[in-house]
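Enquirer: what shape does this take:
(chains A and B)
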Amino acid sequence: MKKFCLYFQVHQPFRLRGYHFFNIARHHDYFDDPLNKRLLKKVAENCYLPANKLFLNLFKRYHGRFKIALSISGTALDQFELYAPEVIGSFQELVSTGSVELLAETDMHSLASLVSPQTFKAQVNQHMEKIGYYFHQSPAVFRNTELIYANHIGKMLAGMGFRGTVAEGVSQLLENRSPNHVYTSADRKPFKLLLRNFPLSDDISFRFSDRAWDHWPLTVDKFLNRIDNMDPSHEIINLFMDYETLGEHQKKESGIFDFIRNLPEHVFKSGVHEFCTPAKAMEEIAPAGQIDVPEPASWADSEKDLSAWLGNDMQKEAFENLYALEASITQIDDASIINDWRYLQTSDHFYYMSTKLHSDGEVHNYFNPYRSPYEAFINYMNVVNDLTIRISKKITKKEAIHQSDHH
Amino acid sequence: MRVLMFGWEFPPHISGGLGTACYGLTQGLVQNGIEVIFVVPKAFGEEHSLHKNLIDGSDISIDTSEELLINLPKELRYLKIRSEILPYVSPETFDEAVEKRMIELEKETTRQKSGVKGRKFQFSGGYKGNLMQEVYQYAMVAAEVVETSQFDVIHVHDWLTFPAGIAAKKASNRPLVAHVHATEFDRSGNTVNKAVFEIEKSGLKAADKIITVSDYTKKTLVSKYGINPNKIQTVHNAVLPGKALKPKQNVKSLDEKIVTFLGRVTSQKGPLYFVEAAYKVLQKFQNVRFVMAGSGDLLKRAIERVAALKMSSNFHFTGFLQGESVNTMFAQSAVYVMPSVSEPFGISPLEAMNANVPAIISRQSGVAEVLKHAIKVDFWNTDAMANAIYGILKYPPTAKLMAIDGKKEVKRLKWNESAAKVKTIYQELIHEKI
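Expert: From the prediction side, this is the model:
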């Protein structure tokens, strides 16, 4: 018997508008509202709304036996609120069935875990608040941006009271062990890890409609057949992917919705397998070992490291400039500045600056508003430089007021 | 007196100083009482407002009568589309730019087996959009223009128009003036394109007189092309009057002083020396922002270098600027730097100085011959460049004097005076012919 653990990531970034050097210290509207609205509407129509409808029907049919986990980024929730409130209602209806476990993440889908424990914790709490507000859940399991994980991140999360996290099932973590077990972190034993079975997950999320792939077309029977041939001691199959896989990355015409529709029926017909969600799996399955990850790993590209966001000098420079503002941000109380700084942390901005030239480049180009990583960098830095000026003006003003109070 | 002039670009559609110089020169010639017929291969529609005697080469090539337009719609469309003419690109880059469009046109191309009205030039079945063919096609158009126009002298600008000039001379037996704004050695360093070099040589040979934009360029023609110096006369470029900027209100939004590079980001222009100089200045003085305004094949390297040196909070990129944006850029600038590796003339320091911006220019430039109130450094000497930038930024009297005297100096460089020299050259040539 195996447990199927399905987790889908829902995320949209606030993409920047073309922000020219001439705008610096003049205009402070950084985000491309029309573009963000258009893309969100499109994804809602192709994916969020039809996928939610499909899952709602399946949950009703299987009465709690079929369940999934979702993580919805704070930027995605903000965009639903701004551009398509009906999507929030649709997710709320889905969650109210009791068949969805919501995961916690950084509100801004950021890389804060790599640079600032303080900002990281603040953003996690902000996300927890949003999830509580919209869905009345308090997540027990955390998912970090792009499944970035390292020992120090596990330590922070354990300290914050999380039961465990999800990560990529790669060799850096597993050292030839199978991802199909529950593990614990190396230095915090009660803290659990679920590891993504990336060959099986990618069959659905990347290869599903690839006609050149020798397993095309992928049917549920074919898929389950591979799992039946696995080592019987494997307890859990973690299928983690973007929610946008359903209807957006893999188009409706590919049959992706039918695949999901047929999955529970075939699983239950087998009589042996079942579905579970992360928190339950961490509770029920005994750990098979420890995971020791000194250097951060992720689910991105073939390198499975941080190189998709912090691989080149432009990305590092942009990242350092953004977080150099952290100390000053804490000194001011201007909501619009703080909000802009938060939205600039979304990992997608750094992803657009990637200069990696390989098959994953296609993924990098998805919904990418820029023609080149250089353009992405210049535009982002113009915005960060304007934000820097706004912050320092605020601080100068504050200090001036402070001084005049003294005299 | 009437001159038939062949160029490749005309404001506002320009990619470099050539269009600006042609525009200034024609204005100056008109002021000197000379009529100018200016031919460009592809007019965009806006040039006419600037100069009325502008002939669109792609119209000429198919004749202008309504009947022919109707009879040859395919050829017309064809010519209109092939407008990716950039005077300073190499044939290879041009091929790349045109490649995509040519794929779309593939079907149409194969249909164009027959020549245009059985005229002198034929579109071959396997036509590929490359710059060389454009150049020779332009020459054939030139021969047609000659038949329908009255003129006393032919004047061509740089290699792209040289075959046109040669053809026009042959067809009309009028004297030919070849105006050299840049040579293949300036554009490509030591990796010269042989075909381009050959065209330059044949144009220079066919010319009755050669005008260079600087003594620097004259030397290149003598040493690299073996031209007799007596056949060459330097006529420096100038600045259009009335183009002086009135700095707009509130144009300076940034507190820091801005140091600007403005030009194509190619090896000829030395952008990477500017980056290195910026780094050296920032080691001593942070209250400054550097701007690289322009685009080109070295832009990526410049961006990567700026990121690697971790100076993105003080170094900005604007992309290609033109028209009003150039004025806005100058109006914000405290220092203008032209670190060119090889610059036959270099008109933009004059524009900067005309906008009250002190200029630091490379000694390897023609403009250095006419300017006294600019700081001149060797392009490779980034220490000297950094020192000059620092000096202008830190010592306001220097900046003020340079701005005031520099502007006066630039004001003295008038196109009608340069054009008067050109007129004298025309007169001598016509006189010789008679």
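Enquirer: and stretch A:46-58, average pLDDT?
Expert: When the per-residue pLDDT values of stretch A:46-58 are averaged, the result is 98.
Enquirer: send me that stretch as CSV with only the CA atoms.
Expert: Taking C-alpha atoms only, stretch A:46-58 is exported to CSV below (Å, rounded to 0.1, in the frame of the first residue of the first chain):
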residue,chain,number,x,y,z
ASN,A,46,-7.6,28.2,-18.0
CYS,A,47,-6.6,26.8,-14.7
TYR,A,48,-7.8,28.0,-11.3
LEU,A,49,-11.6,28.0,-11.9
PRO,A,50,-11.9,24.8,-14.0
ALA,A,51,-9.4,22.9,-11.7
ASN,A,52,-11.2,24.0,-8.6
LYS,A,53,-14.5,22.9,-10.1
LEU,A,54,-13.0,19.5,-11.0
PHE,A,55,-11.5,19.0,-7.5
LEU,A,56,-14.8,20.1,-5.9
ASN,A,57,-16.7,17.5,-7.8
LEU,A,58,-14.1,14.8,-6.9
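Enquirer: quick one, what contacts the residue lying closest to B:Ile227 once chain neighbours are set aside?
Expert: By the measure of C-beta to C-beta, 6 or more residues apart in numbering or on different chains, the closest residue to B:Ile227 outside its immediate chain neighbours is B:Leu221, 4.5 Å from it. (Each C-beta comes from the backbone N, C-alpha and C, glycine too.) Counting by C-beta atoms under 8 Å, 6 or more residues apart in numbering or on different chains, B:Leu221 makes contact with B:180, B:183, B:204, B:210, B:212, B:227, B:232.
Enquirer: list the buried residues for stretch B:31-40?
Expert: Neighbour counts using 16 or more other C-beta atoms under 10 Å in any protein chain shown place B:31-32, B:34, B:36-40 of stretch B:31-40 among the buried residues.
Enquirer: please parse the chain into its domains.
Expert: This is for chain A. By the record's domain assignment, chain A is partitioned as A:3-291, A:307-400 (automatic domain parsing).
Enquirer: let me rephrase: I mean chain B.
Expert: Structurally, chain B divides into domains by automatic domain parsing as follows: B:2-238+B:416-433, B:257-411.
Enquirer: so where's chain A uncertain?
Expert: A:188-189, A:357-366, A:407 (pLDDT under 70).
Enquirer: for chain B, what are the nearby residues on it?
Expert: Residues of chain A lying near chain B by C-beta under 8 Å from any C-beta of the partner chain: A:20-22, A:24-26, A:312-314, A:316-318, A:320-321, A:372, A:374, A:377-378, A:381-382, A:384-385, A:388-389.
Enquirer: mind checking the SS state of the residue in the stretch 151-300 of chain A positioned nearest to chain B?
Expert: At 20.6 Å from chain B, A:Ala300 is the closest residue in the stretch 151-300 of chain A, using C-beta to the nearest C-beta. For A:Ala300, the secondary structure call by DSSP: H, G, I helix; E, B strand; the rest coil comes out as coil.
Enquirer: please name the nearest non-neighbouring residue to it.
Expert: The shortest distance from A:Ala300 to any residue that is not its chain neighbour, by C-beta to C-beta, 6+ apart, is 4.0 Å, and that residue is A:Ala308.
Enquirer: likewise A:Ser178?
Expert: A:His234 (5.8 Å).
Enquirer: shouldn't B:Val281 be in contact with B:Ala386?
Expert: Yes. With contacts counted by C-beta atoms under 8 Å, B:Val281 reaches B:Ala386, the gap being 4.9 Å.
Enquirer: neighbour-wise, which of those two wins?
Expert: Neighbours per residue, other C-beta atoms under 10 Å in any protein chain shown: of B:Val281 and B:Ala386, the larger number sits with B:Val281, 25 against 22.
Enquirer: what average pLDDT does the helix or strand hosting the more buried one get?
Expert: Secondary structure here is read from DSSP states H and E; on that basis B:Val281 sits in helix B:271-284. For helix B:271-284, the mean per-residue pLDDT is 97.
Enquirer: show me what it is packed against.
Expert: strand B:257-262, strand B:288-293, helix B:299-308, helix B:382-394 (3 or more C-beta pairs under 8 Å, 6 or more residues apart in numbering or on different chains; DSSP states H and E).
Enquirer: and the first one with chain A, contact?
Expert: Translated: strand B:257-262. No. Contact between strand B:257-262 and chain A is absent, the nearest approach being 9.6 Å (criterion: C-beta under 8 Å from any C-beta).
Enquirer: who's in contact with the residue lying closest to B:Thr161 once chain neighbours are set aside?
Expert: Here the nearest residue to B:Thr161 in space, its sequence neighbours aside, is B:Phe6; by C-beta to C-beta, 6+ apart that works out to 4.0 Å. With contact set as C-beta under 8 Å, 6+ apart, B:Phe6 has these partners: B:39, B:138, B:142, B:154-157, B:161, B:164-165, B:168.
Enquirer: among those, which ones are in strands?
Expert: If you go by DSSP state E, those have B:39, B:154-157 in strands.
Enquirer: residues from the stretch 301-434 of chain B in reach of chain A?
Expert: Close to chain A, as judged by C-beta under 8 Å from any C-beta, the stretch 301-434 of chain B has residues B:303-304, B:307-308, B:310, B:312-313, B:316-319, B:325, B:328.
Enquirer: now the residues you listed as CSV including pLDDT and neighbour count?
Expert: Shown next, in CSV, are those (pLDDT from 0 to 100; neighbours: other C-beta atoms under 10 Å in any protein chain shown):
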residue, pLDDT, neighbour count
B:Ile303, 96, 26
B:Glu304, 95, 19
B:Ala307, 96, 24
B:Ala308, 96, 14
B:Lys310, 96, 16
B:Ser312, 95, 24
B:Ser313, 94, 18
B:His316, 96, 23
B:Phe317, 95, 26
B:Thr318, 93, 20
B:Gly319, 90, 17
B:Ser325, 88, 16
B:Thr328, 90, 18
